[in-house]
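J.: I need the structure of the sequence given here:
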Amino acid sequence: MEFDNLHEVLRSLYDEMLPLSAEMAAVAKGLAGLGALFYVALNVWRALSRAEPIDLFPLLRPFAIGLCIMFFPTMVLGTLNAVLSPIVTGTHSILEGQVLDLNALQAQKDQLEHEAMLRNPETAYLVSDEEFDRQLDELGWSPSDLATMSGMYLERGMYQLEQDIKNAFRELLEIL
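T.: Okay, here's the model as predicted:
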């Protein structure tokens, strides 16, 4: 599977993990039933031991929690998905519009940087193969020229490494 953004990763994780959590939900249903039984029994026993009337509404709380646990995928997650779905759809459309604008602006910025480096004779060989070859042809074979050539190769390699790292971070941040 190839993911373009974090929303797709989370949606895939949700779809895969919901069936896998069925066993854990069954255990939670059993614990909720036992907890509700003990809670009701404790409160009824406490009220009877003090000779007070039994208050019914606090005894309904564990049953409401038990119902939420029993119908968790439909009642809780379904309600959250239904309420938050329009928000997710709206923000996703805004995000796509901004990403398209950002990609166009980034391409324009890269082009301007490339042209600016080409105009500067000291840095033109870093971005242009023709300029790099021309400057190498101008050099001779003396030891100082060989040192200059190796320096040019090293500087060009460092520039390419810097650009690769920038692009990797840019792609990582776009995915996030």
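
J.: mind telling me what element S144 is part of?
T.: S144 is part of helix 143-175, with elements assigned from DSSP states H and E.

J.: distance check, the residue of the chain positioned farthest from its centre against A104.
T.: Distance from the centre of the chain peaks at A51, with 57.7 Å (C-alpha atoms, centre = their mean). Using C-beta to C-beta, to the nearest Å, A51 is found at 78 Å from A104. Backbone N, C-alpha and C define where each C-beta goes, glycine included.

J.: check the secondary structure at the closest residue to N43 other than its chain neighbours for me.
T.: Distances taken as C-beta to C-beta, 6 or more residues apart in numbering place L59 nearest to N43, at 6.0 Å, with adjacent residues excluded. With DSSP: H, G, I helix; E, B strand; the rest coil as the basis, L59 sits in helix.

J.: which residues touch L59?
T.: Under the criterion of C-beta atoms under 8 Å, 6 or more residues apart in numbering, the contact partners of L59 comprise Y39, V40, N43, V44.

J.: now the residues you listed: which count as buried?
T.: Burial by neighbour count, 16 or more other C-beta atoms under 10 Å: within the contacts of L59 this picks out Y39, V40, N43.

J.: show me what contacts the second one?
T.: Taking C-beta under 8 Å, 6+ apart as the contact definition, V40 lies against L59, P62.

J.: can you map out the helices along the chain?
T.: 6-20, 22-49, 57-70, 78-119, 124-127, 129-138, 143-175 (DSSP state H).

J.: tell me the most buried of these?
T.: Most buried of the helices of the chain by mean neighbour count (mean count of other C-beta atoms under 10 Å) is helix 124-127; its value is a mean of 20.

J.: any idea how far that helix is from the chain center?
T.: Centre-to-centre, helix 124-127 and its host chain are 36 Å apart (C-alpha atoms, centre = their mean, to the nearest Å).
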